[in-house]
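Q: okay, sequence plus prediction incoming.
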Amino acid sequence: MLVLAGIIVLHITTIILLLVATIDNAWWITDSVSTDLWGRWELTKSVWHYTNLENYPEEYLQTVQATSVLACIFAILALFVFVAQLFTLPKGQRFTFTGILQLIACLCIMIAASIYTAELHANETLGGYGHSYVLAWISFVFTFLLAVTYLILRKKSE
């Protein structure tokens, strides 16, 4: 029972990290600019102003946006499938479908963070990656661990 609670807590934590990484505005930061997947915030006269992302290759940006959102969707869907499988899966069976959904979420966030790293700020020397970017990579590790756990885990037969 404790293992089940731990898995559910880790899964919910992973979903929260994915949502924060996707929504929050700190993928690339400098002293006066904070950039996320959706826009750019510029500090002018002590006031933050929102602007669109204009100098980014659109195909890469849209790929990062789409895969980040898909990672959130698949992780949330995997949690619902896991809970449903707890009640419907025959004893002794593996949580394969939940593991596959979690693996897809893992691949989506890896693709998003990798493309962001390689294509969107590769030549910039001013600034650095923000906490949302770091959370995306931490989410990748958690989703991978959960995927492996679900693929190995069997429903306990009593």
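A: Arrived safely, thanks for sending.
Q: can you pull out the helices in this structure?
A: Counting by DSSP state H, the chain has helices at residues 2-23, 58-88, 96-115, 131-152.
Q: turn those helices into CSV, columns for mean neighbour count, distance to G39 and mean pLDDT.
A: (Glycine included, C-beta is placed from N, CA and C.) Compiled in CSV, the helices of the chain are given as follows (neighbours: other CB atoms under 10 Å; distance: least, CB to CB, whole Å; pLDDT from 0 to 100):
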stretch, mean neighbour count, distance to G39, mean pLDDT
helix 2-23, 17, 11, 93
helix 58-88, 17, 11, 94
helix 96-115, 22, 16, 95
helix 131-152, 20, 13, 94
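Q: turn these into JSON lines, columns for distance to T30.
A: Converted to JSON lines, the helices of the chain look like this (distance: least, CB to CB, whole Å):
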{"stretch": "helix 2-23", "distance to T30": "19"}
{"stretch": "helix 58-88", "distance to T30": "18"}
{"stretch": "helix 96-115", "distance to T30": "20"}
{"stretch": "helix 131-152", "distance to T30": "14"}
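Q: center of the chain, which residue is that?
A: L18 (3.4 Å; CA atoms, centre = their mean).
Q: ok, now which ones touch that residue?
A: S68, A71, C72, A75, A105, I109, L135, A136, S139, T143 (CB atoms under 8 Å, 6 or more residues apart in numbering).
Q: nearest residue to L103 in space, please, no chain neighbours.
A: The shortest distance from L103 to any non-neighbouring residue, by CB to CB, 6 or more residues apart in numbering, is to A147 (4.0 Å).
Q: straight-line length of stretch 52-61, end to end?
A: Taking CA to CA, to the nearest Å as the measure, stretch 52-61 stretches 12 Å from start to finish.
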